[in-house]
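Peer 1: How does the following fold in three dimensions:
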Amino acid sequence: MSDHTVTAKKLTDYDALELAQALAEKSRITEKDWHRLMANRPARAQEQIATALVYLLKDNSEEARLRLEQAVGWLNRSVSAAPCPTHGEKKKA
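Peer 2: Now for the predicted structure:
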């Protein structure tokens, strides 16, 4: 048996919530990527769907539903990116 096999966990070793949380973290648009991805509809929908799954697995169906509606809005173009909150601010010396 190789060292990799001994130390690596299998997907079956994680519960559904742990996997969903990992997916949500991986799908999250970070501050560093915000300007590049803020209007990327598939990326925004993916972020919302992954987060919805976490809420659903935590028995918060209302928050899951809201996130899913947001995802659908990104996909059907009924929502758009809000302006960046830092635009228009003057930097303090």
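
Peer 1: Which helix or strand in the chain has the lowest average pLDDT?
Peer 2: helix 3-7 (a mean of 53; mean pLDDT, DSSP states H and E).

Peer 1: Name the next helix or strand downstream of it, please.
Peer 2: Heading C-terminal from helix 3-7, the first helix or strand you meet, by DSSP states H and E, is helix 16-27.

Peer 1: Packing partners of that next one?
Peer 2: Packing contacts for helix 16-27, counted by 3 or more Cβ pairs under 8 Å, 6 or more residues apart in numbering; DSSP states H and E, involve helix 41-57. (C-beta placed from N, C-alpha, C; glycine too.)

Peer 1: what angle separates the helix or strand that comes right after the helix it packs on from helix 41-57?
Peer 2: Remark: after helix 41-57, the chain's next helix or strand is helix 61-76, criterion DSSP H and E. Counting by axes from the mean of the first three to the mean of the last three Cα atoms, to 10 degrees, helix 61-76 lies at 170 degrees to helix 41-57.
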